[in-house]
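S.K.: what's the 3D shape of this:
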Amino acid sequence: MTRYTILLVVLLLFSCIKPGENDDLSTNRSKWNRLNIVNYEFTLTINCFCPQERVGPHLIKVINNEIITVNNLPYDPGTTGELMTIDELFDFIAKSINSNPYKKTIEYNSTFGYPQSVWFDFDKTMADEEIGYQVTNFIEI
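M.R.: Below is the predicted model of the structure:
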């Protein structure tokens, strides 16, 4: 093979590479961070094989990047399980992508950049370990 043929093959291979989930994550997290939203409400629904009190939907109020209330009651992880702010959801996504899951689907809000739909299947051979999150009704307060 000549050098030109090798160069052509390398260029063709690189042109087939699509931006990865980490690129989408970084772009959207930057968009979210630039907006500097620290007080907001949203509804979080968890898709998992969990008790109903865990699944929700949960109306979450965040003040200064901390969950203050869930369903208009003081936040109690003992009742609802651990819930996440938008920043913590970004952290969860980053950690989950780095764990090389079997399948993943992530959609981001085009205006604010927050993750609005997240789904991970971590292991092809294991049942009931999948987890998903839906963020709806987001408002800045």
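
S.K.: Now do the phi/psi pair for Val70.
M.R.: When quoted as degrees, to the nearest 10, the phi and psi of Val70 stand at phi -130, psi 120.

S.K.: what helix or strand is Ser96 on?
M.R.: Element membership of Ser96 [criterion: DSSP states H and E] is helix 86-98.

S.K.: buried sites along that helix?
M.R.: Residues of helix 86-98 classed as buried under the neighbour-count rule (16 or more other C-beta atoms under 10 Å) are 86-87, 89-90, 92-93, 96-97. Backbone N, C-alpha and C define where each C-beta goes, glycine included.

S.K.: so where do the strands sit in the protein?
M.R.: Using DSSP state E, the strands of the chain run over residues 40-47, 58-63, 66-70, 73-74, 103-108, 115-121, 131-140.

S.K.: Select, out of those strands, the one closest to Asn28.
M.R.: Each of the strands of the chain was scored for nearness to Asn28 using C-beta to C-beta, and the closest is strand 103-108 (4.1 Å).

S.K.: Can you find which helix in the protein contains the most residues?
M.R.: Longest helix in the chain by number of residues, with DSSP state H as the criterion: helix 21-35.

S.K.: Okay then, goodbye and thanks.
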